[in-house]
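**Q** Sequence unavailable; structure follows:
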Ligand code: NAD
């Protein structure tokens, strides 16, 4: 079995690495957070003192970092990992980043004899923990085939959508729709509650009606409508508001690059920016409902 280096053990990377360990892979991990490394070690991972140590002897390197600058910083430059990753290895970057950044790092990797795919994910922290993520892959088909078994240990669905960077474009399309749907769902629930409706009954009705979505059924933004949602634990964990804000900014950039119009995407980007300015940047993005319902 391939030896795997896993870098970035946050809300998503932590449970993803745990599933690789459960599947029997040997995993060397690194994160800037000592607590995140300690959790992975308790699950059976080997701790590395830094990223370069983590990739030593690894045939597969997986990264799950917040944004483009973290991915570029990790792989490129004089102290970047491409200088030490073994030629012939495969990089699977699961972070959601700018398509252009994914292409830039992949080209630099290829120049050093290292394959790379962008494989951003959908499914949230629950999907990461359950091993049911959807991987949205950009890159060479042959590189995806090398990655397939490892991806299957962490996810259920794998879509090959095109060349390097295409996985990121598809992921941004998904998240732009998600950002709009979450804000709209919160607004609808707030209106119902302001009229005296029970948010649970309203959500149960919507979940089997035409406004049915992940936001009504799985990650409902109203507290105590569903168990185990960020909303029911003070909006902690989950998908950070500022990560959604980043993704909507990337979608806006992608739209501007080709002159496309995304009126709802732009509106949603402003709502998540307002939510961040209200001090909820680190909370789950479903806390956007608080813009229209202070008591939620
Ligand atoms: P997170 O902030 O919880 O975790 C990121 C981790 O990366 C942190 O533990 C941080 O310490 C670590 N890190 C940052 N820079 C590092 C470096 N140079 N070296 C080593 N470790 C470093 O973020 P997350 O929620 O796990 O999201 C990660 C990525 O996945 C983001 O791009 C996000 O947009 C995407 N994503 C998140 C979700 C979700 O529901 N949380 C869902 C799908 C996709």
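**A** Received, thanks. These numbers come from a predicted model, not from an experiment.
**Q** Could you use CA atoms for every contact and neighbour count after this?
**A** Fine.
**Q** On the C-terminal side of the helix or strand bottoming out on mean pLDDT in the chain, identify the next helix or strand.
**A** Lowest by mean pLDDT, DSSP states H and E among the helices and strands of the chain is helix 124-130, with a mean of 94. Sequence order places strand 133-138 as the next helix or strand after helix 124-130, per DSSP states H and E.
**Q** which helices and strands sit right next to that following strand?
**A** Counting contacts by 3 or more C-alpha pairs under 8 Å, 6 or more residues apart in numbering; DSSP states H and E, strand 133-138 packs against strand 115-118, strand 121-122, strand 155-162, helix 166-194.
**Q** Looks to me like residue 4 is in a strand.
**A** Yes. Checked against DSSP: H, G, I helix; E, B strand; the rest coil, residue 4 lies within a strand.
**Q** Any idea which of the helices and strands packed on strand 133-138 gets closest to residue 216?
**A** In terms of C-alpha to C-alpha, the element of those nearest to residue 216 is helix 166-194, at 7.0 Å.
**Q** that older thread, pick the most deeply packed of the helices and strands packed on strand 133-138.
**A** Across the helices and strands packed on strand 133-138, the average number of neighbours (mean count of other C-alpha atoms under 10 Å) peaks for strand 115-118, which reaches a mean of 28.
**Q** how far does that strand sit from the chain's center?
**A** Mean C-alpha position of strand 115-118 versus that of the full chain (C-alpha atoms, centre = their mean, to the nearest Å) differs by 16 Å.
**Q** cool, stretch 170-177 as well?
**A** With C-alpha atoms, centre = their mean as the basis, stretch 170-177 stands 11 Å off its chain's centre.
**Q** So what touches it?
**A** 96, 120-122, 136, 161, 244, 247-248, 250-251, 265 (C-alpha atoms under 8 Å, 6 or more residues apart in numbering).
**Q** could you redo the last one with a cut-off of 10 Å?
**A** 96-99, 119-122, 135-138, 159, 161-162, 166, 168, 178, 181, 244-245, 247-252, 254, 262, 264-266, 268-269 (C-alpha atoms under 10 Å, 6 or more residues apart in numbering).
**Q** give me the subset of the residues you listed touching the ligand.
**A** Checking the contacts of stretch 170-177 against the ligand by C-alpha under 6 Å from any ligand atom, the ones in range are 96, 121-122.
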